[in-house]
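Asks: fold the following and give me the result.
(one chain, ligands or ions: 1)
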Amino acid sequence: MTLASCIKLLYGSQTGNAESISKHLYEEALARGFDCSLAVLDDYEKVSFTDNCVLVIVVSTTGDGDFPDNTTKFFRWTRRGKKEDLVAAFAGKQFTVLALGDTNYTNFCQTGKRIERRLLELGATTFLPKGMADDGTGLEQVVDPWVSNLWKTLPTIVAQDIEKAKQFDEKATASASPFKKAKSETSTDAPETSKPAAVATASAVAGASATEVKNDDAMETTPSPYAPSKVAFDVSTLPKTAADVIGAAMIPTEYLSVSESGVVREPAIAKKSLFHLFEQKTANDPFEYTANNLFSSRISAHRYLTGKKALKQVLEVTLDLKDMNWSVQPGGVVGILAPNPDEVVLPLLKRLDIDGSKVLNVGFLNPGSSVGALPFVTDAPYTAYEAFRYFLDLNPPLRKPLLRVMAEYATDETERISLLHLTSTAGASLFKTIKQATPSFADLLETFQSVRGIPVNRILESLTRLQPRFYSISQIDETAGTATVAFNIVEYTHSVTGKSILGLCSNYLENVIKSPNYETIPVALFPKPNVVFAPPKEIAAPMILIAAGTGVTPFVSFLQSRANSARAEGGGDIADGILGETTLIHGRRFKDAAEGDRIYGAELDAYVQRRVLTSFIEVLSRDEENTSVKYVQDAIVLHGARICKSIRDGAYVYVCGGVEMARDVHASLLKVLGEHARIEGGEAGVKTYVKALATEGRYLKEIWS
Ligand SMILES: Cc1cc2nc3c(=O)[nH]c(=O)nc-3n(C[C@H](O)[C@H](O)[C@H](O)COP(=O)(O)O)c2cc1C
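Replies: Numbers count the residues shown, from 1 in each chain. From the prediction side, this is the model:
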C-alpha cells in the first residue's frame with residue numbers, strides 16, 4: 001500500500017479546547033517526523049485537499065448540538081458546495097474525527113458525528129474510529145487513549161521522516177520528556193535552595209493566599225472574590241525529577257512576535273471601553289456587527305425583576321439599538337462582550353511583571369507559517385492592559401499548552417515537575433484534581449509561585465479569546481429602537497474550592513448601571529444571526545413553552561410578538577380565536593409575587609387577560625404546601641394528557657433553561673408521550689417521534705450549562 005504523504009489537521013472550536021488539542025497534535029506530528037499542516041475548518045479554501053493526505057479533524061459542539069462559529073462555513077460548503085469539488089476533496093480520502101462534547105447535552109458530539117457522516121457520504125473512509133470526549137466527565141479520559149491510538153496508526157498510513165521518528169522514540173523511551181529543550185536543559189538559574197514550598201497539601205493552602213480588601217465601615221477585612229487562590233494538591237505522588245516525567249506535552253511553538261512601540265496609553269484612559277481600538281464604521285446590515293466588529297450600545301434604563309426573598313437577583317437592562325437598524329425578532333439574541341474586571345487585570349499584570357500601559361506591536365515570528373493566527377485583530381494597536389481587559393479569557397478551562405509554557409518559566413524544581421507531570425498522560429489524575437477547582441490564570445500563577453517572566457507573546461499564544469455572553473431578548477420597543485435582556489446576577493460558591501465566584505458579564509452590567517451617568521457608558525455587543533429559537537410563523541399554531549427561572553425571557557418576546565400579531569389581525573386587546581393555544585410552564589422558587597422571583601409576572605398576567613397566553617402553569621420549588629409538583633418536569637407529567645393532545649394537534653414545544661432541567665424535561669416528555677399519545681413501537685417509537693419533532697423544528701431548546 002502506498003503511504004499518504006502528509007496529514008492535514010483541521011479543527012473547529014468555540015471556547016478553545018479543540019483548538020488547543022489540535023495545536024498540540026500538530027506540534028507532536030512534526031516532532032514525530034510527519035509532514036503536517038494545521039487549519040481552522042472555516043479556512044478550508046486554503047487547504048489543498050487534493051494532496052495525497054489524510055485528514056484529522058478535531059471539533060467541538062456548542063449551543064444545542066450546533067457547530068462552533070469557526071466551522072459553519074465549512075459545514076455549509078460540505079452540504080451545498082459543488083458536488084464535483086466535494087468529491088475531488090473527499091472521495092477516497094482517509095480521515096478520523098475527534099469530537100468534543102458533553103453528555104449533559106442531548107445532542108452529544110453532534111458536530112463531530114455530522115462531519116463524519118457527511119465525509120462518509122462523500123466517499124471518504126475512516127482510518128481510526130471517531131473519539132467522542134465528554135467534558136462532563138473529563139475530556140482527557142477519551143482524548144488521551146484516542147491520541148495514543150492515533151500515533152500508533154498514523155505510521156501505518158502516512159510517510160514519516162524515519163530519522164526524526166527514531167529520535168522522537170528514543171527521547172520518549174529515555175523517559176525524560178521528549179520535549180524538554182532550551183530552557184529546561186540550561187535552567188541553571190533556579191536557586192539551589194528552591195525547595196518544594198509552593199505546591200503544598202490541602203490543609204496548608206486553604207485560605208492562605210487571598211489578598212485582602214478593606215471594608216471601610218467595619219474596619220474588618222474581607223477576602224475579595226477577585227483575589228487569586230492556590231489550588232491544593234498532593235505533591236507526594238509526583239515523579240522525583242523532571243527526567244522521570246514520562247511523555248510531557250511538547251512546548252508549544254512560539255509564533256508571535258511582540259515588541260513595545262514606545263507609545264504609552266495608561267489603563268485609566270483605556271478603561272472606558274474598547275472602541276478607541278476600532279474605526280467606527282456604520283454597518284448597512286445589523287449582522288455585519290459581530291464579535292470582531294462590535295456595536296457600541298448604551299443602557300438606557302434598568303430595573304430589578306426580583307424582590308428581597310429571591311436567592312438570585314434578576315436584572316433587566318434596556319439596550320439602545322437605534323443606530324444598529326436591527327429589526328429585532330422574537331427569540332432574538334444579543335452577544336455582549338464584558339471586559340475582565342480591573343480587580344483581576346491589574347494585579348495579574350503586576351504578578352506577570354508586565355507594563356500594561358505600553359502600546360504593543362504584535363505580528364508573526366515567521367510570516368507564512370501555519371501554526372497560529374493573530375489572537376485578535378484591532379484597527380489600532382493595543383496595550384497589554386487592553387489585551388488582558390478586553391480580549392483574553394482569564395478563566396480558561398485548564399489546558400496543557402498553558403501549563404507546558406508555565407513549566408518553562410518555573411524556577412522551583414517541584415513546581416516545574418508538577419507542571420510537566422500535569423501535561424503528561426501519567427499526570428491525568430492530578431490534571432483532573434486541578435481541573436475540578438477550575439482555576440483561573442491568576443489562580444495558577446498563585447499556585448505555581450515560582451513561575452516568573454512569561455513573555456507577553458507566550459501569554460497571547462496560550463490564552464484563548466474572551467467569549468461574548470449571549471442573552472435572549474425579552475421585550476422589544478420598535479419605536480424607541482430598544483430591546484431588553486434580563487439575567488441572574490451570577491454569584492455562587494465554588495463546589496470544590498468554596499471560593500466565591502462572580503459571573504463576568506452579569507456583574508459587569510450591574511456595575512455599569514450602578515455607575516454615575518451609566519447611560520453614557522458604551523456596552524459592546526452584536527446580534528446573533530440565524531435565530532432558530534423563534535415562534536412559528538403561523539400565529540394559529542399552538543405553542544408549549546417550558547422555562548425555569550430566567551429561561552422565561554425569550555418567551556416574553558414570543559408572547560409580545562403574538563399579541564402584536566393578534567392586534568394586527570384585528571383582534572384588538574383580546575386575542576380570542578386568532579392565536580393558537582399557548583401554554584407556559586414556568587418554574588421558580590417562591591410563591592410570593594412581590595418579594596420573590598416571579599419575574600415578568602405582571603406582563604405574563606396581562607397576556608393571560610388578553611388570552612394571548614391560554615394556560616399559565618406556575619411551578620414552585622420552595623413552596624412547602626406543594627410537595628409533588630416542584631419542578632417543570634413534574635408539571636409536564638401532571639398535565640401529560642393535555643400536553644400530548646396539544647403536541648398531536650401540531651404544537652411547537654420550546655424549552656429554555658439549564659442543561660439539567662432540559663434533560664429532565666426531555667425525560668418527562670418521553671414519559672407522557674409514551675403514556676398518552678398512542679405512538680406505535682414502544683419506547684423506541686416515542687424516541688423516533690420526538691426526534692422527528694426536533695427535525696421538523698417543532699421541539700426547540702435554548703439551554704445553558
Ligand atoms: C454553551 C455550550 C453549549 C454546549 N452544547 C453542547 C451540545 O449541544 N452537545 C455537546 O455534546 N456538547 C456541548 N457543549 C460542550 C462542549 O462541546 C465541550 O465543552 C467542548 O470541550 C468545548 O470545546 P471547544 O472549547 O473547542 O469549543 C457545550 C458547551 C457549552 C459551553
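Asks: got the confidence number for the residue of the stretch 101-250 of the chain found nearest the ligand?
Replies: For the stretch 101-250 of the chain, the residue closest to the ligand is residue 101, as judged by Cβ to the nearest ligand atom, at 2.4 Å. In short, each C-beta sits where N, CA and C put it, glycine included. pLDDT for residue 101: 93.
Asks: just grab the bridge partners of it for me.
Replies: Beta-bridge partners recorded for residue 101 (DSSP bridges): residue 134.
Asks: for the chain, give me the ranges with low pLDDT.
Replies: 1, 172-223, 369-371, 593 (pLDDT under 70).
Asks: got the residues of it near the ligand?
Replies: The chain has residues 13-19, 60-65, 68, 100-102, 105, 107-110, 135, 139, 704-705 near the ligand, with proximity defined as Cβ under 6 Å from any ligand atom.
Asks: list the contacts of the residue of the stretch 101-250 of the chain closest to the ligand.
Replies: Applying Cβ atoms under 8 Å, 6 or more residues apart in numbering, one finds that residue 101 lies in contact with 60, 61, 108, 109, 110, 111, 112, 132, 133, 134, 135.
Asks: how many neighbours does the residue in the stretch 601-705 of the chain that the ligand sits nearest to have?
Replies: Among the residues of the stretch 601-705 of the chain, residue 705 lies closest to the ligand, at 5.1 Å counting by Cβ to the nearest ligand atom. Residue 705 sits with 10 neighbouring residues when counted by other Cβ atoms under 10 Å.
Asks: now do residue 94
Replies: By other Cβ under 10 Å, 17 other residues sit near residue 94.
Asks: gap between the residue of the stretch 451-600 of the chain found nearest the ligand and residue 15?
Replies: Across the stretch 451-600 of the chain, no residue is closer to the ligand than residue 464, which sits at 7.8 Å (Cβ to the nearest ligand atom). Note on residue 464: its distance to residue 15, by Cβ to Cβ, to the nearest Å, is 7 Å.
Asks: please apply the same query to residue 401.
Replies: Plainly put, residue 401 is 14 Å away from residue 15 if you go by Cβ to Cβ.
Asks: quick one, which of these two is more surrounded?
Replies: Taking other Cβ under 10 Å, residue 401 and residue 15 do not tie; residue 401 has more neighbours (24 against 18).
Asks: show me the contacts for the nearest residue to the more buried one once chain neighbours are set aside.
Replies: Sequence neighbours aside, residue 252 is the residue nearest to residue 401 in space, at 4.6 Å (criterion: Cβ to Cβ, 6 or more residues apart in numbering). Contacts for residue 252 (Cβ under 8 Å, 6+ apart) come out as 23, 24, 27, 401, 404, 405, 461, 462.
Asks: just the strands in the stretch 601-705 of the chain please.
Replies: Assignment of strands within the stretch 601-705 of the chain using DSSP state E, counting those that start in this stretch yields the ranges 615-620, 652-658, 699-704.
Asks: can I get the contacts of residue 252 in CSV including secondary structure and distance to residue 96?
Replies: Output for those, formatted as CSV (DSSP: H, G, I helix; E, B strand; the rest coil; distance: Cβ to Cβ, whole Å):
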residue, secondary structure, distance to residue 96
23, helix, 17
24, helix, 16
27, helix, 18
401, helix, 21
404, helix, 24
405, helix, 28
461, helix, 26
462, helix, 26
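Asks: which of the residues you listed lies closest to residue 308?
Replies: residue 462 (43.9 Å; Cβ to Cβ).
Asks: the closest residue to the closest one other than its chain neighbours: neighbour count?
Replies: Nearest non-adjacent residue to residue 462, counting by Cβ to Cβ, 6+ apart: residue 402, 4.4 Å away. By the criterion of other Cβ under 10 Å, residue 402 has 24 neighbours.
Asks: show me what contacts residue 402?
Replies: Residue 402 neighbours (Cβ under 8 Å, 6+ apart): 396, 441, 444, 462, 463.
Asks: same list, those, but as JSON lines with neighbour count please.
Replies: Below are these laid out as JSON lines (neighbours: other Cβ atoms under 10 Å):
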{"residue": "396", "neighbour count": "23"}
{"residue": "441", "neighbour count": "23"}
{"residue": "444", "neighbour count": "21"}
{"residue": "462", "neighbour count": "22"}
{"residue": "463", "neighbour count": "23"}
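Asks: from those, which land in helices?
Replies: Secondary structure from DSSP state H places 441, 444, 462 of the contacts of residue 402 in helices.
Asks: roughly how far does the last one sit from residue 10?
Replies: Right, the one you point to is residue 462. Taking Cβ to Cβ, one finds residue 462 at 21 Å from residue 10.
Asks: before we move on, what about the first one?
Replies: When Cβ to Cβ is the yardstick, residue 441 and residue 10 sit 28 Å from each other.
Asks: helices of the stretch 251-400 of the chain, start to end?
Replies: All helices of the stretch 251-400 of the chain, identified by DSSP state H, counting those that start in this stretch, fall at 267-270, 342-351, 384-386, 400-408.
Asks: how far is the third one from where the chain is centred?
Replies: When you say that, I think you mean helix 384-386. On the basis of Cα atoms, centre = their mean, to the nearest Å, helix 384-386 sits 23 Å off its chain's mean C-alpha point.
Asks: who touches that helix?
Replies: So helix 384-386 is in contact with 265, 267, 270, 274, 277, 345-346, 349, 354-358, 360, 456, going by Cβ under 8 Å, 6+ apart.
Asks: what of stretch 154-171?
Replies: 1, 3-7, 29, 31-35, 54, 94, 127, 177-178.
Asks: in it, which residues are buried?
Replies: By neighbour count with 16 or more other Cβ atoms under 10 Å, stretch 154-171 contains the buried residues 154, 158, 159, 160, 168, 171.
Asks: also stretch 230-237?
Replies: Judged by neighbour count using 16+ other Cβ under 10 Å, the buried positions of stretch 230-237 are 230, 231, 232, 233, 235.
Asks: quick one, helices of the stretch 101-250 of the chain?
Replies: Using DSSP H, counting those that start in this stretch, the helices found in the stretch 101-250 of the chain span residues 110-121, 140-157, 162-173, 182-186, 202-205.
Asks: among these, which is the most enclosed?
Replies: With neighbours taken as mean count of other Cβ atoms under 10 Å, these reach their highest mean count in helix 110-121, at a mean of 19.
Asks: return the distance of that helix from the chain's centre.
Replies: Distance of helix 110-121 from the chain centroid (Cα atoms, centre = their mean) equals 22 Å.
Asks: how about stretch 429-439?
Replies: Put simply, stretch 429-439 sits 18 Å off its chain's centre (Cα atoms, centre = their mean).
Asks: contacting residues around that stretch?
Replies: By Cβ under 8 Å, 6+ apart, stretch 429-439 touches 138, 140, 231-233, 237-238, 395, 397-398, 400, 418, 421-422, 443, 447, 494, 496-497.
Asks: can you do 6 Å?
Replies: Outside stretch 429-439, the residues that touch it by Cβ atoms under 6 Å, 6 or more residues apart in numbering are 138, 231, 233, 398, 422, 496, 497.
Asks: which residues touch the first one?
Replies: Put plainly, it is residue 138. Applying Cβ under 6 Å, 6+ apart to residue 138 gives the contacts residue 432.
Asks: list the beta-bridge partners for residue 658.
Replies: Going by DSSP bridges, residue 658 is paired in beta bridges with residue 704.
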